[in-house]
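Visitor: A structural model of the following input is requested.
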Amino acid sequence: MLGLISRQACGALNQSALDVCVKAALSSSMLREYAQFALANAGVVAGPGGRSSASGLTATVFGGYGFIGSYIVNDLGKRGSQIVIPTRATENKVQHIRQMGDLGQIVFVPNFDIRDETVVKEAISRSNVVINLIGQRTETMNFKYEEVHSEWPKRLATIVAEAGHVERLIHFSDMGADLMHTSRRMRSKAQGDLDVQKIFPSATIFKPGPVVGIEDYFYNYIVYQVSYSLIAPLVENGSSRLQPTYVLDVADAVSKALMNRDTMGKTYYLGGPEVLTYREIYDVVIKTLRLKTDDTIPVPAWAAKLAFAPKDWARRMLPSLPMSNWMFSSDYIDEMMKDKITPRGALGFSDLGIMPTKVTEGLPIEPVRHYRVGGYSWGDMANVAKDVPEAIRKYYNLK
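Guide: I've put the predicted structure just below:
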């Protein structure tokens, strides 16, 4: 009954050591049970739990080397899961992901193409869990919103359903996804959700609000606007409401869902505990950066869309532009005109047993502090210029 530790070994110990022995065995047993993620067709299970184990879960994570995906991969890896990550990136760009699992636990499928069904089938051929995080913030010359957010999820769900051996499909959408939305991006995501639910009814769909973290595409781009741009346009005075959420909570939600079969076939809105307007979010960032001036300028939606039209054309016709802020796009203006908050009565973090983290304090806002001019501890350089080294004063043109 002691699992990995034999009765004979424990019997030779004194009572105190025996208690430790029993606790270790029970802990090991619980970890292994916890790591199996309630899978009916779990693979080989071995080890005491943790990264150096085999949990029986083999997951193919599409988009696993992206911002949210890397946290999900790390969370699965620390539970001893085997993970397959299709990727278009070079070896150097994904090498940090290998460290999230034990030797051989994380495998990459190079030269991945969402249009190549053969590669997709190969990527899921040995997996009992499939997670889709593929998406795009702006259109490019190679991919349109509809192809990435509608056609791809439909293709993946069809392949997964036909494979027969995949037990769990988790699909990531957006809290603002709506077939009647003025944003094409949001409409395409809503269509993808419907197709996934129709083809694979037991799929679990997550709809997070704006996700924040060290490598996010939300706080970092707002910091770029208020710190390095000449102006920071605040469309319609930033009156729309949001529920930003912390990336670690999102990763935890995936693991909690996999451990509970009752989450199959359900949709969860992953909104943080705070409902904030864009204006309030910009104020939080400006305060955190300790900036003396507020360079935000209220701009009507029509004027912002007109100003961003040339850049939209360039994105669709030319290769990716460096230092291109995805918030400076006509479609994002349409997207931000509608609130992104959890609908009344919808499932959320609480239904997964998770207490979401505030994004305006503590660790979620910590990365923003490192953007303070002159470094984390200097704060607003204009106030402390006399104490700043000459090299820094010269670099920032401070008197």
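
Visitor: find the centremost residue of this structure, please.
Guide: By C-alpha atoms, centre = their mean, the chain has its centre lying nearest to residue 68, at 2.1 Å.

Visitor: now do that one against residue 88, distance only.
Guide: For residue 68, the distance to residue 88 (C-beta to C-beta, to the nearest Å) stands at 17 Å. For the C-beta atoms, the positions are set from N, CA and C on the backbone; glycine is no exception.

Visitor: likewise residue 116?
Guide: Distance, residue 116 to residue 88, using C-beta to C-beta: 11 Å.

Visitor: mind listing the strands for the protein?
Guide: All strands of the chain, identified by DSSP state E, fall at 58-62, 82-86, 106-109, 129-132, 168-172, 204-208, 211-212, 232-235, 241-242, 245-246, 267-270, 276-277, 296-299.

Visitor: sheet partners, orientation included, of the first one?
Guide: Based on DSSP bridges, the pairing partners of strand 58-62 within the sheet are strand 82-86 (parallel), strand 129-132 (parallel).

Visitor: with the third one instead?
Guide: Note on strand 106-109: by DSSP bridges, its sheet partners are strand 82-86 (parallel).

Visitor: chain center to the strand it pairs with: distance?
Guide: How far strand 82-86 lies from its chain's middle: 16 Å, per C-alpha atoms, centre = their mean, to the nearest Å.

Visitor: which residues sit against that strand?
Guide: With contacts defined as C-beta atoms under 8 Å, 6 or more residues apart in numbering, strand 82-86 is touched by 43, 54, 57-62, 64-65, 69, 73, 76-77, 94, 97, 100-101, 105-109, 112, 119-120, 123-124, 126-127.

Visitor: can you tell me which of those are buried?
Guide: Among the contacts of strand 82-86, those classed as buried by 16 or more other C-beta atoms under 10 Å are 43, 54, 57-62, 64-65, 69, 73, 76-77, 94, 97, 100-101, 105-109, 112, 120, 123-124, 127.

Visitor: for residue 90, see how far away residue 120 is.
Guide: As for residue 120, its distance to residue 90 is 21 Å (criterion: C-beta to C-beta).

Visitor: what does residue 84 give?
Guide: Residue 84 sits 18 Å away from residue 90, going by C-beta to C-beta.

Visitor: and residue 289, what pLDDT?
Guide: The score at residue 289 is 88. That number is its pLDDT.

Visitor: tally of neighbours for the residue nearest to it when sequence neighbours are not counted?
Guide: Once flanking residues are discounted, residue 289 sits nearest to residue 372: 5.6 Å by C-beta to C-beta, 6 or more residues apart in numbering. When neighbours are defined as other C-beta atoms under 10 Å, residue 372 has 19 of them.

Visitor: please apply the same query to residue 299.
Guide: Neighbour number of residue 299 under other C-beta under 10 Å is 19.

Visitor: can you name the residues that contact it?
Guide: Neighbour list for residue 299: 233, 234, 235, 236, 307 [criterion: C-beta under 8 Å, 6+ apart].

Visitor: ok, which pair from those is furthest apart?
Guide: Largest separation among the contacts of residue 299 by C-beta to C-beta: 236 and 307, giving 14.2 Å.

Visitor: more neighbours: the two, which one.
Guide: The residue with more neighbours, out of residue 236 and residue 307, is residue 236; 17 against 14, by other C-beta under 10 Å.

Visitor: give me the distance between that one and residue 110.
Guide: Relative to residue 110, and taking C-beta to C-beta, residue 236 is found at 44 Å.

Visitor: returning to that earlier point: compare residue 84 and residue 90 (neighbour count), which wins?
Guide: Remark: of residue 84 and residue 90, residue 84 carries more neighbours, 22 against 9, as counted by other C-beta under 10 Å.
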